[in-house]
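Participant: based on what follows, work out the 3D shape:
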Amino acid sequence: MVCFNMDAFTRLDSLATSVATANDGKGQPLLQVSGLKVEFKLKGGQTLIAVDGVDLDIRRGEVVGLVGESGCGKTVFTLCLPRLIERPGQIVNGSIVWEGKDVLRLSDEEIRHFRGREISMIFQNPQSSLNPAHSVGRQLCWVIGLHRRIPRSAAREEALELLRHVHMPDPQRAMEAYPHEFSGGMCQRIMIAMALACRPKLLVADEPTASLDVTVQAQIMDLLLEIREKFSMSILLVSHDLGVIARMCDRIAVMYLGRIVELAQAADLYQSPKHPYTQALLSAIPAPDPSQRKRFMELLGDAPSAIDIPPGCRFRNRCSYAEGRCAQTDPVLLSLDGRGHSAACVLYQSSTQVNTKSDEKEREQPIAGR
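Facilitator: Residues are numbered from 1 along each chain as shown. Sure thing, here's the model as predicted:
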């Protein structure tokens, strides 16, 4: 399921455009993922392909959004970055290059130092990520002590400061309290503080607002943006909420059945989606003005199984534009303009240039309902 926060959509132009403009062309690649493929060996000899040839880079200070339906491979992809994939899962191909180093070639000791120091993660359910048997202060001090050789008193002061950074009410009392004493939003603040303990360069946030109400969601998103500025940190944000993605991100990658099918600046993707899957997702957004309401573009059928991916375009059985060549051609991401807008669709196979306005208008008619 992909959901949308209307308040964020109404502010998309002012927020996403300004952020994209401010960051366009700035920042060197911090992380470069190339051809990443992850398989899960199942009982009976079957193989589930969770991530299939994903290419993605993240620049310094950039917020990249990753969106797609449940089961498309978003979480598996994020777990690959700090090498947290466990059996029966296995990275079978590709590279994850971090500041010139291939993460997949790091030793066990090197990867332990890498996690937390270079990349930190915020997981979906904050309550289940915290140990109910230990106080918040003890858990924060453990994380700090694991990566930084400082006295216990200094670690405690650092933990208090982290709780102040995430605007935790009464940090002194929070240090002595246990996770069950806090709401979901407060637990998420604690998790963010824990993720910041070693001042990572990249924060991976996997559905950080999934279990929170709308008001608390907005507070957590504001906090992440504040932390990004304060610590000059990059963020990879995974979410089902297209409103959160619109508000937060400089660039957005749309994922379908293990592959990225569209990648663009946030404003470009929302204003001019190219891939039929992205168009279908955005067509489902209710318009605030009834006179501008678009006709819903139905996604036909069901997503194919990741155990038995059909040949050709893996979206073709749900696509209203599908034609004969879609069954024979497995499209790759093609650059459509000079702003980094790419899409994997046979509609753009003959040229890497954007279609003419007349072509775009004709193709958009069934989606917009004009």
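Participant: now the helices: where do they sit in this structure?
Facilitator: In the chain, the helices defined using DSSP state H lie at 6-10, 12-23, 74-80, 108-117, 126-129, 136-147, 152-165, 171-176, 184-195, 214-231, 242-248, 266-271, 276-283, 357-368.
Participant: and Ile96, which of those is closest to it?
Facilitator: helix 74-80 (6.6 Å; C-beta to C-beta). All C-beta atoms are positioned from the backbone trio N, CA, C, and that covers glycine.
Participant: quick one: average confidence on the closest one?
Facilitator: Per-region confidence: helix 74-80 scores 95 on mean pLDDT.
Participant: next: stretch 130-149.
Facilitator: Stretch 130-149 carries an average pLDDT of 89.
Participant: now do the end-to-end distance for it.
Facilitator: Stretch 130-149 has an end-to-end distance of 23 Å (C-alpha to C-alpha, to the nearest Å).
Participant: any idea how far that stretch is from the chain center?
Facilitator: Taking C-alpha atoms, centre = their mean, to the nearest Å, the mean C-alpha location of stretch 130-149 is offset from the chain mean by 26 Å.
Participant: likewise for stretch 215-231?
Facilitator: 16 Å.
Participant: likewise stretch 131-151?
Facilitator: Chain-centre distance of stretch 131-151: 27 Å, with C-alpha atoms, centre = their mean.
Participant: which stretches of the protein have low pLDDT?
Facilitator: Within the chain, the segments meeting pLDDT under 70 span 1-28, 286-296, 350-370.
Participant: just to revisit the earlier point, out of the helices of the chain, the one nearest Met255 is which?
Facilitator: Across these, closest to Met255 is helix 74-80 (C-beta to C-beta), at 5.7 Å.
Participant: what residues sit buried inside the closest one?
Facilitator: Across helix 74-80, burial judged by 16 or more other C-beta atoms under 10 Å covers 74-80.
Participant: want to throw the helices of the chain into JSON lines with distance to Glu62?
Facilitator: Shown next, in JSON lines, are the helices of the chain (distance: least, C-beta to C-beta, whole Å):
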{"stretch": "helix 6-10", "distance to Glu62": "19"}
{"stretch": "helix 12-23", "distance to Glu62": "6"}
{"stretch": "helix 74-80", "distance to Glu62": "16"}
{"stretch": "helix 108-117", "distance to Glu62": "19"}
{"stretch": "helix 126-129", "distance to Glu62": "25"}
{"stretch": "helix 136-147", "distance to Glu62": "24"}
{"stretch": "helix 152-165", "distance to Glu62": "21"}
{"stretch": "helix 171-176", "distance to Glu62": "30"}
{"stretch": "helix 184-195", "distance to Glu62": "17"}
{"stretch": "helix 214-231", "distance to Glu62": "9"}
{"stretch": "helix 242-248", "distance to Glu62": "11"}
{"stretch": "helix 266-271", "distance to Glu62": "11"}
{"stretch": "helix 276-283", "distance to Glu62": "20"}
{"stretch": "helix 357-368", "distance to Glu62": "28"}
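Participant: out of these, which one sits most buried?
Facilitator: A comparison of the helices of the chain by mean neighbour count, using mean count of other C-beta atoms under 10 Å, puts helix 242-248 on top with a mean of 25.
Participant: that one - contacts with which helices or strands?
Facilitator: Counting by 3 or more C-beta pairs under 8 Å, 6 or more residues apart in numbering; DSSP states H and E, the packing neighbours recorded for helix 242-248 are helix 6-10, helix 12-23, strand 63-67, helix 214-231, strand 234-238, helix 266-271.
Participant: for the closest residue to Glu158 other than its chain neighbours, give me its contacts.
Facilitator: Leaving out its chain neighbours, the residue that sits closest to Glu158 by C-beta to C-beta, 6 or more residues apart in numbering is Ile144, at 5.4 Å. Counting by C-beta atoms under 8 Å, 6 or more residues apart in numbering, Ile144 touches 150, 155, 158-159, 197-198.
Participant: of those, closest to Gly35?
Facilitator: Of all these, Cys198 has the smallest distance to Gly35: 29.2 Å, by C-beta to C-beta.
Participant: what about that closest one, neighbour count?
Facilitator: Residues within reach of Cys198, counting by other C-beta atoms under 10 Å, total 19.
Participant: now do the contacts for it.
Facilitator: Shown in contact with Cys198 (C-beta under 8 Å, 6+ apart): 116-117, 120, 143-144, 147-148.
Participant: could you work out the most separated pair of those residues?
Facilitator: Ser120 and Arg148 (13.6 Å).
Participant: who has more neighbours, these two?
Facilitator: Neighbours per residue, other C-beta under 10 Å: of Ser120 and Arg148, the larger number sits with Ser120, 24 against 15.
Participant: can you name the residues that contact that one?
Facilitator: 195-198, 200, 202-204.
Participant: closest one to Ser135 out of these, please.
Facilitator: Ala197 (15.6 Å).
Participant: count of residues packed around the closest one?
Facilitator: Ala197 has 23 neighbours, counted by other C-beta under 10 Å.
Participant: pull up the gap between it and His180, please.
Facilitator: 22 Å (C-beta to C-beta, to the nearest Å).
Participant: now the buried residues of helix 74-80 as TSV including distance to Gly68?
Facilitator: Converted to TSV, the buried residues of helix 74-80 look like this (distance: C-beta to C-beta, whole Å):
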residue	distance to Gly68
Lys74	6
Thr75	10
Val76	12
Phe77	10
Thr78	12
Leu79	15
Cys80	16
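Participant: report the beta-bridge partners for Ile96.
Facilitator: Assessed by DSSP bridges, Ile96 has beta-bridge partners Val33.
Participant: wait, it touches Val103, no?
Facilitator: Yes - using C-beta atoms under 8 Å, Ile96 is in contact with Val103, at 4.2 Å.
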